[in-house]
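*Asks:* coords please:
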Amino acid sequence: MSSREIFKEFEFLLEKSQRCFNRLRDLPPYGNSRWEHHFHKAFHIYSKLWKFQQDNREVLTSRGMERWEIGDIASKIGQLYYNYYLRASEIRFLHESYVFYEAIRSRAYFAQSATDPNLAIKQLRYFARFIIICLLLNRREEVWQLLQEFQALISSYIMKYNPPDAQEWRSVIQEVTNFLHADVAMPVPRSPGSNVPFRHSLRAAMNQAEVRAHPHKMLLHDAILVSYYPRQVKIAELPLDSFRMLQTLEWEDKFSSANPPAQEHPMPLSKSGSSNKLAEKAKAGSMENGVEGSGSKAPMENPAKHLVYRPTAMQLLSILTTTMEVMPKESIMLLYISASSGRSDLAKSVPFPSTSCLTNEIAPADLESPPPDNMSDVSVPSMSALTVHSTCSAGDGVHLGTSKSGNSAASSQDSTDCYLLPEDLVHLTRRSLFIVVDSDNSTAFQRLQGNEIGQQAFCLMSPTQRPYELGESGKAGNLLTMFLSGPLMGFCLISGNTDPSIQQLVDLQATMNSVMG
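*Replies:* Presented below is the predicted three-dimensional model:
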């Protein structure tokens, strides 16, 4: 091929890959049984594009391809792996995303951002995503390093261009800083020299006898994670409580550590790889016991996790119904709700039908319905399926947010439409349902008997009161979630010992092991 033909082929692949990427972005994050097809198609085209630019780097550079374009392709592949991780819930995909993001940083693909404001924004968005990846992989020291670089880049961007979004980027820095400070209660990182293999969470480890003795059959199929607490520590649309639950709902294997075995890294995208290597391995999940080569899926599958940021009651019920509709009949769905009772609003509450209306808490973009073709394989739930008429008051549920309507009459009605009642979930008991409620009004969900329609429902409820000495939940997260995600952290926090000795941690771990196994 001539240099002109090579460059035209590169432009064709680049445009095609962007179309595939945009199509994925338009997919709803739940309830679509064809999402794998779209991801495999995107993996295939990006694998082909990556190999093509590697094989023809010199020619493409001579024809005008710049380093930031390589970085942009790598960033897109990293985003693919991250979103695939959210769908497939296998942490090895998260590690592969980290590989691409780290390559962008170490090779300074976005170094030209100092002279181009659009490229500077692209670099800042890349850093924000990279920080979330490192947080999910528990690379805390690296997050602090990234935060320092991120802050310097934002300061340079603001001083040089005086952009209208300057305050937004300052807020991002503050969010990351608050998030890191809120999650330092875990005692292990604060104990230098500790080499004790602490179990950071209640996740089941692969080497436990009960896991090896019995064949694994995945029952927990989907997990919907929602958090509504006002002023809760968060990064972008990832609240601290949802972040902790996200990691709790995963098997603990060799890829759960911050540094997995290099020789067993799951899906390398190398120059010598075939053009469809990404797609084939993503589709096959080619790991057996964490080792590449068998072509079968990993023996322990994690549930698909759906992070939904502050949906209204109607949106949440629609998500739950749609997700349950495409689940296997014998599987279980988990609903995690972190929300307050909103007791300060209860004086204005009146009896109301339990189905809520849309509020303007969510940005307009989030209120748009997904394109019809994306949901063609899922029947839309009728309004009657989502509505359970009740005479309960708003105080009998959890608070989902406040209305900002200027109309006093509308505000009075909206204040009652911002609650989710246990009765709203009755129609979901057609399948097995597991509910985790972290709220000061969690006991309201005792009204669910567990067999309203036929299948079993199980509800794990938090204490309704929080010790005053622990401060607000918005600063360090809720207690039940903390104990589920990191029991050591919970015990140390409630005992007031945030910097225990190594021996104290060893003794506490031994006691926990004797109780929990």
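*Asks:* which residues touch residue 175?
*Replies:* With contacts taken as C-beta atoms under 8 Å, 6 or more residues apart in numbering, residue 175 has the following neighbours: 233-236. (C-beta placed from N, C-alpha, C; glycine too.)
*Asks:* Report the buried residues of whatever helix or strand it lives in.
*Replies:* Element membership of residue 175, judged by DSSP states H and E, is helix 166-182. For helix 166-182, a neighbour-count test (16 or more other C-beta atoms under 10 Å) marks 169, 172, 175-176, 178-180, 182 as buried.
*Asks:* what do you get for stretch 326-336?
*Replies:* Residues of stretch 326-336 classed as buried by neighbour count (16+ other C-beta under 10 Å): 326-327, 331-336.
*Asks:* and those, which of them are in strands?
*Replies:* 332-336 (DSSP state E).
*Asks:* Strands of the stretch 101-250 of the chain, start to end?
*Replies:* With DSSP state E, counting those that start in this stretch as the criterion, the stretch 101-250 of the chain has strands at 220-227, 234-235, 238-239.
*Asks:* confidence score at residue 107?
*Replies:* Reading off the per-residue confidence, residue 107 sits at a pLDDT of 93.
*Asks:* That one: neighbour count?
*Replies:* Counted with other C-beta atoms under 10 Å, the neighbours of residue 107 add up to 13.
*Asks:* cool, and residue 322?
*Replies:* Based on other C-beta under 10 Å, the number of other residues close to residue 322 is 19.
*Asks:* Equivalent analysis for residue 121, please.
*Replies:* Here the number of neighbours of residue 121 (other C-beta under 10 Å) works out to 16.
*Asks:* now swap in residue 495 and tell me
*Replies:* By the other C-beta under 10 Å criterion, the neighbourhood of residue 495 contains 11 residues.
*Asks:* do you know how far it is from residue 488?
*Replies:* Summarising the geometry, the distance separating residue 495 from residue 488, computed by C-beta to C-beta, to the nearest Å, is 11 Å.
*Asks:* likewise residue 308?
*Replies:* From residue 308 over to residue 488 the distance is 29 Å, taken as C-beta to C-beta.
*Asks:* between these two, who's got more neighbours?
*Replies:* With neighbours defined as other C-beta under 10 Å, residue 308 and residue 488 compare such that residue 488 has more, 21 against 18.
*Asks:* Correct me if wrong, but that one is in a strand.
*Replies:* No. Counting by DSSP: H, G, I helix; E, B strand; the rest coil, residue 488 is not found in a strand; it is helix.
*Asks:* wait, doesn't it sit right on residue 507?
*Replies:* No. Under the criterion of C-beta atoms under 8 Å, residue 488 is not in contact with residue 507, lying 11.2 Å apart.
*Asks:* Leaving out the residues flanking it, which one is nearest to residue 442?
*Replies:* residue 461 (3.8 Å; C-beta to C-beta, 6 or more residues apart in numbering).
*Asks:* Quick check: bridge partners of the one you found?
*Replies:* Partner residues in beta bridges with residue 461: residue 437, with DSSP bridges as the criterion.
*Asks:* For the stretch 301-450 of the chain, which segments count as helices?
*Replies:* All helices of the stretch 301-450 of the chain, identified by DSSP state H, counting those that start in this stretch, fall at 313-325, 364-367, 383-386, 408-416.
*Asks:* which one of the ones in strands among the buried residues of stretch 326-336 is nearest residue 465?
*Replies:* Ranked by distance to residue 465 (C-beta to C-beta), these are led by residue 336 at 20.3 Å.
*Asks:* How about the contacts made by that closest one?
*Replies:* By C-beta under 8 Å, 6+ apart, the residues touching residue 336 are 223-226, 242, 245, 436, 438.
*Asks:* Please tabulate these in a markdown table, including the columns neighbour count and pLDDT.
*Replies:* Putting these into a markdown table (neighbours: other C-beta atoms under 10 Å; pLDDT from 0 to 100) gives the following:
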| residue | neighbour count | pLDDT |
| --- | --- | --- |
| 223 | 24 | 91 |
| 224 | 21 | 92 |
| 225 | 25 | 92 |
| 226 | 24 | 92 |
| 242 | 22 | 90 |
| 245 | 23 | 88 |
| 436 | 23 | 93 |
| 438 | 27 | 90 |
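*Asks:* Need those in CSV (columns: distance to residue 130).
*Replies:* Formatted as CSV, the entries for those read as follows, by distance: C-beta to C-beta, whole Å:
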residue, distance to residue 130
223, 25
224, 26
225, 22
226, 25
242, 19
245, 22
436, 30
438, 29
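*Asks:* Give me the neighbour count for the nearest residue to residue 86 once chain neighbours are set aside.
*Replies:* Spatially, and ignoring its direct neighbours in sequence, residue 86 is nearest to residue 305 (6.3 Å; C-beta to C-beta, 6+ apart). Burial of residue 305 is recorded as 24 neighbouring residues (other C-beta under 10 Å).
*Asks:* Ok, residue 501 next?
*Replies:* Counted by other C-beta under 10 Å, the residues lying close to residue 501 total 12.
*Asks:* Dump the helix holding residue 175 to PDB, restricted to CA.
*Replies:* These are the backbone C-alpha positions of helix 166-182, laid out as PDB (Å, rounded to 0.1, in the frame of the first residue of the first chain):
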ATOM      1  CA  ALA A 166     -12.900  26.700  35.700                       C
ATOM      2  CA  GLN A 167     -15.100  26.300  38.800                       C
ATOM      3  CA  GLU A 168     -16.300  22.900  37.700                       C
ATOM      4  CA  TRP A 169     -12.700  21.600  37.400                       C
ATOM      5  CA  ARG A 170     -11.900  23.000  40.800                       C
ATOM      6  CA  SER A 171     -14.900  21.100  42.200                       C
ATOM      7  CA  VAL A 172     -13.500  17.900  40.700                       C
ATOM      8  CA  ILE A 173     -10.200  18.400  42.600                       C
ATOM      9  CA  GLN A 174     -12.200  19.000  45.800                       C
ATOM     10  CA  GLU A 175     -14.300  15.900  45.300                       C
ATOM     11  CA  VAL A 176     -11.300  13.700  44.800                       C
ATOM     12  CA  THR A 177      -9.600  15.100  47.900                       C
ATOM     13  CA  ASN A 178     -12.600  14.700  50.000                       C
ATOM     14  CA  PHE A 179     -13.100  11.200  48.800                       C
ATOM     15  CA  LEU A 180      -9.600  10.100  49.700                       C
ATOM     16  CA  HIS A 181      -9.800  11.700  53.100                       C
ATOM     17  CA  ALA A 182     -13.200  10.000  53.700                       C
END
